[in-house]
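1. Got a sequence here, can you build the structure:
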Amino acid sequence: MQLSKRKKLEIIVEAPVLRRVETFLAEAGVRGWTVLPSLAGAGDSGEWRSGDFTPGQEKRLIFALVTTEVAERVLDRLADFFADYPGVAAVSDVEVMRGEKF
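-> The predicted structure follows:
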């Protein structure tokens, strides 16, 4: 089985800015991503549950598998964006099947 090295992006943003972040992904060359609702968690401000927020504060989790170059473009854009809006981005090394898809 042939595996290809890629980067996995995991990005958490508030729901109202999701479309803007998806635009950043597309402009950076991300070929596909998945968005999931964030149901619960904990952070600097303590524990939270999705029902604790107004709709404007609901969070979304975005997953994308990309090349190193694309990951760097996304992270550069998010660094500027996160100066004004809350969010978290993580990158990890993964190996994927069908690497040409990413």
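
2. Please compute how far the helix or strand of the chain with the lowest mean pLDDT lies from its chain's middle.
-> Across the helices and strands of the chain, mean confidence by mean pLDDT, DSSP states H and E is lowest for strand 46-49: a mean of 77. Computed by CA atoms, centre = their mean, to the nearest Å, the chain-centroid distance of strand 46-49 equals 20 Å.

3. With stretch 86-97 instead?
-> On CA atoms, centre = their mean, the centre of stretch 86-97 falls 8 Å from the chain's centre.

4. Check stretch 59-68 too.
-> Put simply, stretch 59-68 sits 4 Å off its chain's centre (CA atoms, centre = their mean).

5. thinking again about what came up before, helix or strand right after the least confident helix or strand of the chain?
-> strand 59-66 (DSSP states H and E).

6. so what secondary structure elements neighbour that next one?
-> Contacts defined by 3 or more CB pairs under 8 Å, 6 or more residues apart in numbering; DSSP states H and E place strand 59-66 against strand 4-14, helix 18-28, strand 34-37. Using the backbone N, CA and C atoms, a C-beta is placed for each residue, glycine as well.

7. can you list contacts of that strand?
-> Contacts to strand 59-66, defined as CB atoms under 8 Å, 6 or more residues apart in numbering, come from residues 6-15, 18, 21-22, 25, 29-38, 41, 50, 53, 74, 94, 96, 102.

8. Restricted to buried residues, select these in PyMOL.
-> Remark: buried members of those, expressed as a PyMOL selection using 16 or more other CB atoms under 10 Å:
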select buried, resi 6+7+8+9+11+12+13+14+15+18+21+22+25+30+33+38+74+102
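
9. if we can go back for a sec, sheet-wise, list the partners of the least confident helix or strand of the chain with their directions.
-> In the sheet, strand 46-49 lines up against strand 40-43 (antiparallel) (DSSP bridges).

10. any weak-confidence spans in this protein?
-> By pLDDT under 70, the low-scoring segments of the chain are 51-56.

11. Select the longest helix from this protein.
-> helix 68-81 (DSSP state H).

12. That one to helix 18-28, inter-axis angle?
-> 140 degrees (axes from the mean of the first three to the mean of the last three CA atoms, to 10 degrees).
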